[in-house]
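>>> Structure, please.
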Amino acid sequence: MKERETFGSRIGFILISAGCAIGLGNVWRFPYITGEYGGAAFILIYLVFLAIFGIPIMTMEFAVGRASRKSVASSFRELEPKETKWHLYGYFGMAGNYLLMMFYTTVSGWMIAYLVKMARGDFHGLTSAEVEAQFIKLQSEPLVMLFYLAVVVLVGFGICSLGLKNGVERITKVMMGLLLIIMVLLAVRSVTLPGAGEGLRYFLVPDFGRMAERGIGNVLFAALGQAFFTLSIGMGSMAIFGSYLTRERRLLGETINITILDTFVAFTAGLIVIPACFAYGLDPGAGPGLIFITLPNIFNSMPLGNLWGALFFLFMLFAAISTVIAVFENIVSFAMDLWNWSRKKACAVNIVLVFLLSLPCLLGFNILSWLRPLGPGTTILDFEDFLVSNNILPLGSLVYVLFCSVRLGWGWDGFLKEANAGEGIRFPRAAQGYVKYVIPPVIVLILLQGYYSIFFAK
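The predicted structure follows:
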């Protein structure tokens with residue numbers, strides 16, 4: 001049997017796992033909801049939820065990956081007791097990775113398009129309405145989007161085809177290093193803009209009045225939801241990196257390091273976005289509009305705006321592509337684990353498959369724009385995102401938690417033995433009751449709240 005690849009360095013594992021967790025939501029959602037729900041008071045609640053829910057679940061996913069030495073396609077089958085059916089979740093985990101890439105590739109293509117536009121100076125001299133029209137125009141041009149989609153797919157699988165150490169690890173380390181440097185530069189520029197102080201206060205000063213206005217229940221759910229989804233846990237995207245790990249380090253400490261890096265990026269994104277929006281009197285609203293309409297307007301008004309805008313979209317591209325590479329690596333591993341394909345063959349087949357599967361989302365903004373899967377104003381992208389974020393991620397997290405904590409699964413002893421192999425912070429044995437009886441109901445609550453917010457909330 002072919003020996004499992006392993007990471008060349010500990011920092012490689014941390015940066016790649018963080019790169020997978022660090023997504024576009026860190027930039028267009030976290031700053032906005034932090035400001036809306038009470039600034040630093042919200043951040044504190046978010047960090048508590050991250051510690052008591054996100055970190056334990058991520059540690060369990062890493063443990064399943066490292067113990068099995070397999071991707072989500074085969075990991076449960078390796079560890080489950082005889083006559084049990086935990087391995088059936090593998091199919092949903094695989095589907096989740098493909099579904100995520102069915103829309104993430106299109107959005108990543110937008111980042112390349114806007115990096116090119118910003119570097120060329122396409123927004124120079126445009127009014128706010130004309131900047132908005134640029135985004136609408138891009139979405140209405142399927143051939144242009146198709147080109148950028150193809151670039152994302154080819155580059156992503158091209159890097160994966162080079163191997164774990166020589167491709168995925170080596171290139172992601174460089175990208176993540178550059179991403180962090182660019183973010184710090186952009187944050188310094190943003191907080192030193194005239195009028196940025198008001199935005200800093202909005203983002204960083206605790207505002208309990210704003211919390212009360214929003215409703216404490218809503219604030220808690222917003223913090224819980226952000227803490228839960230920011231780490232990309234539940235569909236095996238982290239398990240694959242666990243499968244490439246040696247047993248030199250205990251898993252809880254590694255998970256904490258990844259979570260700190262993910263939180264740093266989200267927090268720094270807030271320092272970039274919120275002060276800049278306040279400095280130029282624009283709404284820091286969440287969603288794609290923030291990235292593709294609000295921020296280009298800000299860069300338009302800023303001295304050396306083209307340079308800062310190009311740096312911003314380069315940072316966004318690195319954030320997007322690091323996730324793409326990580327999930328592509330997971331997808332490639334499915335074929336390698338299930339059918340013993342070579343890495344090159346798995347990449348070649350999946351280039352075609354992912355490209356074709358990404359077309360509905362891309363065409364949903366133009367040729368298929370008449371499709372409204374979740375009601376008026378929604379797109380195919382919204383539906384695919386709903387399937388991943390509101391279904392596969394919470395359900396998958398529930399499966400990992402139960403698999404690691406109940407006797408009919410891998411069990412607490414099996415999980416602890418794996419999680420605590422090596423040096424570092426020990427996962428506490430006494431946490432079993434909490435993991436088994438507290439975390440699952442919370443996940444179910446998040447699942448139900450997600451459905452309520454989409455189908456019933458006004």
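>>> how about the closest residue to Phe355 other than its chain neighbours, phi and psi?
Distance criterion Cβ to Cβ, 6 or more residues apart in numbering; nearest residue to Phe355, sequence neighbours excluded, is Val153 at 5.1 Å. No exception for glycine: its C-beta is placed from N, CA and C like everyone else's. In terms of degrees, to the nearest 10, the main-chain angles of Val153 are phi -70, psi -50.
>>> how many other residues sit next to Val153?
23 (other Cβ atoms under 10 Å).
>>> Likewise for Asp207?
18.
>>> close enough to count as contact, it and Gly39?
Yes - at 5.1 Å, Asp207 counts as touching Gly39 under the criterion of Cβ atoms under 8 Å.
>>> What spatial separation is found between Leu193 and Pro275?
Distance from Leu193 to Pro275, counting by Cβ to Cβ, to the nearest Å: 6 Å.
>>> between those two, which one's more packed in?
Between Leu193 and Pro275, counted using other Cβ under 10 Å, Pro275 has the larger neighbour count: 28 against 18.
>>> now this structure, which segments are flagged as low pLDDT?
The chain contains residues with pLDDT under 70 at 1-2, 458.
>>> tell me what the strand or helix carrying Phe241 is packed against?
Using DSSP states H and E, Phe241 sits within helix 239-242. Contacting helix 239-242 under the criterion 3 or more Cβ pairs under 8 Å, 6 or more residues apart in numbering; DSSP states H and E are the following elements: helix 10-21, helix 55-68, helix 305-339.
>>> ranking these by burial, who's on top?
helix 55-68 (a mean of 26; mean count of other Cβ atoms under 10 Å).
>>> Show residues contacting that one.
71, 74-76, 78-79, 231, 233-234, 236, 238-243, 245, 247, 251-252, 254-256, 258-259, 397, 400-401, 403-404, 410, 414-415, 418-419, 427, 431, 435, 439 (Cβ atoms under 8 Å, 6 or more residues apart in numbering).
>>> Next: stretch 347-355.
Contacts for stretch 347-355 (Cβ under 8 Å, 6+ apart): 98, 101-102, 105, 149-150, 153-154, 157-158, 160-161, 328, 331-332, 335, 341.
>>> Quick one: buried ones out of these?
98, 101-102, 105, 149, 153, 157, 160-161, 328, 331-332, 335, 341 (16 or more other Cβ atoms under 10 Å).
>>> The residues you listed: which two are farthest apart?
For these, the farthest-apart pair by Cβ to Cβ is Leu149 and Trp341; their separation is 24.1 Å.
>>> Next up, the contacts around the nearest residue to Gly287 once chain neighbours are set aside.
Closest residue to Gly287 apart from its sequence neighbours, by Cβ to Cβ, 6+ apart: Trp28 at 5.9 Å. Counting by Cβ under 8 Å, 6+ apart, Trp28 makes contact with 286-288, 290-291.
>>> Pretty sure Ala421 sits against Glu254.
No - in this structure, Ala421 is not within contact of Glu254 by Cβ under 8 Å, at 11.8 Å.
>>> Which one of those two is surrounded by more residues?
Per other Cβ under 10 Å, whichever of Ala421 and Glu254 has more neighbours is Glu254, with 23 against 18.
>>> separation between the residue nearest to that one when sequence neighbours are not counted and Leu178?
Of all residues not flanking Glu254 in the chain, Ile14 sits nearest, at 6.6 Å (Cβ to Cβ, 6+ apart). Distance from Ile14 to Leu178, counting by Cβ to Cβ: 16 Å.
>>> got it, and Val406?
Distance from Val406 to Leu178, by Cβ to Cβ: 43 Å.
>>> on that earlier part again, now list the buried members of the contacts of helix 55-68.
71, 74-76, 79, 231, 233-234, 236, 238-243, 245, 251-252, 254-256, 258-259, 397, 400-401, 403-404, 410, 414-415, 418-419, 427, 431, 435, 439.
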